[in-house]
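In: okay, here's the prediction I keep looking at, along with the sequence it came from:
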Amino acid sequence: MSSPPILQSDLGGFLSGGRPGGVGGFGAGAEDCASVAGSVASSSSTTAEDTYIQNLFATLDPEGTGAISRRTLESITREAGLDPVRLTPLREQLDQLCDPGGDSVDYDTFYDLMTAPEHAGSILRKTIGGQLVIPSFTEFCQELVDIFESVRMMNTGQRASYIPELSRVPSQRFGIAVCTVDGQVFEYGDASDTRGTTCMQATCTPFSYALAFEEAGQEKILNHVGREPSGAAFNAFILNADGLPHNPMINAGAIVTATLIKPGELTSTRMQHVMDRFQKMAGGMPLSFSQPVYLSELETAHRNFALGYFMKSQGAYPSDMNVEEALDFYFQLCSLEVTCEQLAIMTATLANRGVCPLSEEVCFSLEAAKSTIQLMYSCGMNESSGEWACTIGLPAKSGVSGCIILCIPNVLGLAIWSPNIDECGNSVRGTKFSRELCDRFSLNIFDQLIGTTSHIDPTLPINYAEGGPSAPNASLGRSGRHGLHGAGVGGIQGGSFIGPSFGGGGGSGGGGSAALLSPGRESGPDMGTAPAMSAGRVSTGPGLSGVTSTAHDPSLFTPTRMSEAPLSLKKLHSREAAGPRVAQLINKQQHQELQHKRHQLVYRNQ
Ligand SMILES: NC(=O)CC[C@H](N)C(=O)O
């Protein structure tokens, strides 16, 4: 399978007789690789795909030794924030293709990896090519940490005392976790260990709605619950003009919606079913259940009981539904325990159109995901849903345990947990964090739609490392970047020159094959065919085209020159060129320790 190492002068023979486009044995430096890659690209036996893979290989093998280390590949993917679960197919492919115990990956093996039919190749391709949805994930996470630390000192609000068990949770608890649709995961604060476990409360409702949607269908759901924000408290004693709850995100609607999940089965069977499905959405990590919270809620649920019977009198339930059973099931759902990490992964499954980003398993349909996200956007934040839509503009859901989930379609899911809530039942720190996040990044759907053009310099790519999030001209809207990149990326600022062979540290490095490593998200290998092809990111983010405000779109943290390349590559090839900001990130020991802790947790749960 594997071709023998060849000298540069043998390249022609190799190309005609062996694996297409092999670069194994390049004795020359990286620039030579680039130029040879260019000439290979014009050879009739070499496809754009081959050229693309050659260039990726050359990027990782700047000395032209003909081999790269397995450890290097693994560390690049790890440092891109990719979760171990997401990396399982890659690990298995490497085990299959590499000699046992060996660390060397030659070009043939690399080629096989990159073209592997399974997901292994695609994740490696995206990582090395700077095509992950948030290419500079470490920097993005650093921003999250900055926001977290600035919000940590807030101590307003109160724990939800109407469920006594919730008022026993220390109010200083605070954790965040994020999971992108590519399976990059980060957590911080009280996010994953036992200190970071909390019950879902109403953050279970988007997921139970998605299940009900899947099982009963839209039409049946609409016979029992509306789709309007109620404008009232989450436990308000009101129904709409049809005698139905206003929407599935508030208590009344959540109680009724949950009755549509496996109706007619025993509560134990239904509960096991929900836990299995939620676990799948969480990338396989099992959820637990808080008996004390469940009993605490049950003992004090007079209002929910009243609401339940009121809805019965109005004919809101499926006819055969027993009110007590409906309520009991609902209380159990609210008492499911998660970590921020699990919640973020579940939310990322919504953002990823129903497919879990870690396991790549289909958890529910695109229609179910879309309907759920729509309801989160219009009704997810109780009586402040309208204000939230205006100021934060992201689909979200809160729970009185202090959780808030944020769903950014095609980009990420984020979970925040801090027990003190405001008068609307939304976490105080969680709300502040969300607001800061949206001030810093162009995540708000309307940033995409109605931005201010005056701040956008369409000739400049995002230069995150130098400009920082508040720098004027630091940001380009999705369409701005498109226009720029599409206009001819041949090596100026629009391309993504991630290796030392392409563009060095100046962002001016060569046209031609340099653009092969450009980050167009849905470009695939064809990116390599012409330098003028768009390097812009296509259909990520909230999915609306347009311009943005001065805030950043993290999915556009695209490395545009060496100083902005993925951290892993900067570390590998050009530590000094990366500049002080990166050095600061590399030294961020706390981040690494947290990552380490998380990995251990994941493995423990496997
Ligand atoms: N918004 C919430 O989290 C409310 C859920 C809580 N279980 C209740 O019924 O009151």
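Out: Thanks, I have it.
In: residues near the nearest residue in space to Gly183 that is not next to it in sequence, how many?
Out: In space, and not counting its chain neighbours, Gly183 is closest to Arg86: 3.1 Å by CB to CB, 6 or more residues apart in numbering. In short, each C-beta sits where N, CA and C put it, glycine included. If you count neighbours by other CB atoms under 10 Å, Arg86 ends up with 24.
In: ok, now how distant is Arg86 from Gly425?
Out: Arg86 is 34 Å from Gly425, where distance means CB to CB, to the nearest Å.
In: repeat for Lys397
Out: From Lys397 over to Gly425 the distance is 11 Å, taken as CB to CB.
In: the two: who's more crowded?
Out: Lys397 (32 against 21).
In: which strands and helices sit next to the helix or strand that contains that one?
Out: Assessed by DSSP states H and E, Lys397 sits inside strand 396-398. Secondary-structure packing of strand 396-398 (3 or more CB pairs under 8 Å, 6 or more residues apart in numbering; DSSP states H and E): helix 366-379, strand 403-408.
In: please identify the most buried of those.
Out: Among the helices and strands packed on strand 396-398, strand 403-408 has the highest mean neighbour count (mean count of other CB atoms under 10 Å), at a mean of 28.
In: which residue packs closest to Leu270, ignoring adjacent ones?
Out: Just so we're on the same page, residue 270 is Arg rather than Leu. Lys262 (4.6 Å).
In: tally of neighbours for the one you found?
Out: Lys262: 20 neighbours (other CB under 10 Å).
In: the ligand versus that one, what's the distance?
Out: 20 Å (CB to the nearest ligand atom, to the nearest Å).
In: and that residue, what does it touch?
Out: The contact partners of Lys262, by CB atoms under 8 Å, 6 or more residues apart in numbering, come to 215, 269-270, 273.
In: out of the residues you listed, who's nearest Gly315?
Out: Nearest to Gly315 among the contacts of Lys262, counting by CB to CB, is Glu215 at 21.2 Å.
In: which strand or helix spans the closest one?
Out: helix 205-216.
In: tell me which other helices or strands that helix touches.
Out: Helix 205-216 packs on helix 218-222, helix 251-258, helix 267-281, helix 340-351, helix 366-379, going by 3+ CB pairs under 8 Å, 6+ apart.
In: about what we covered before: contacts for the strand holding Lys397?
Out: Counting by CB under 8 Å, 6+ apart, 202-203, 205-206, 249, 376-377, 380-382, 388, 404-407, 421, 424-427, 430, 434 sit against strand 396-398.
In: and the ligand, which of those residues contact it?
Out: 202, 425 (CB under 6 Å from any ligand atom).
In: tell me which element the nearest residue to Glu228 once chain neighbours are set aside falls in.
Out: Closest residue to Glu228 apart from its sequence neighbours, by CB to CB, 6+ apart: His246 at 5.1 Å. Under the criterion DSSP H and E, no helix or strand holds His246.
In: next, give phi and psi for His246.
Out: Dihedral pair for His246: phi -60, psi -40, per degrees, to the nearest 10.
In: swap in Phe186?
Out: phi -140, psi 140.
In: right, and it touches Gly81 too?
Out: Yes. Look at Phe186 against Gly81 with CB atoms under 8 Å: they come within range, at 5.8 Å.
In: show me the contacts for the closest residue to Lys397 other than its chain neighbours.
Out: Closest residue in space to Lys397, ignoring its immediate chain neighbours: Gly380 at 4.1 Å, by CB to CB, 6+ apart. By CB under 8 Å, 6+ apart, the residues touching Gly380 are 206, 249, 388, 395-398.
In: quick revisit: can you give me the angle the helix holding Glu215 makes with helix 366-379?
Out: 140 degrees (axes from the mean of the first three to the mean of the last three CA atoms, to 10 degrees).
In: ok, Thr156 - contacts?
Out: Going by CB under 8 Å, 6+ apart, the list of residues near Thr156 reads 420, 422, 428.
In: how much space is there between it and Leu73?
Out: For Thr156 relative to Leu73 (CB to CB), the value is 47 Å.
In: got it, and Phe148?
Out: From Phe148 to Leu73 the distance is 31 Å (CB to CB).
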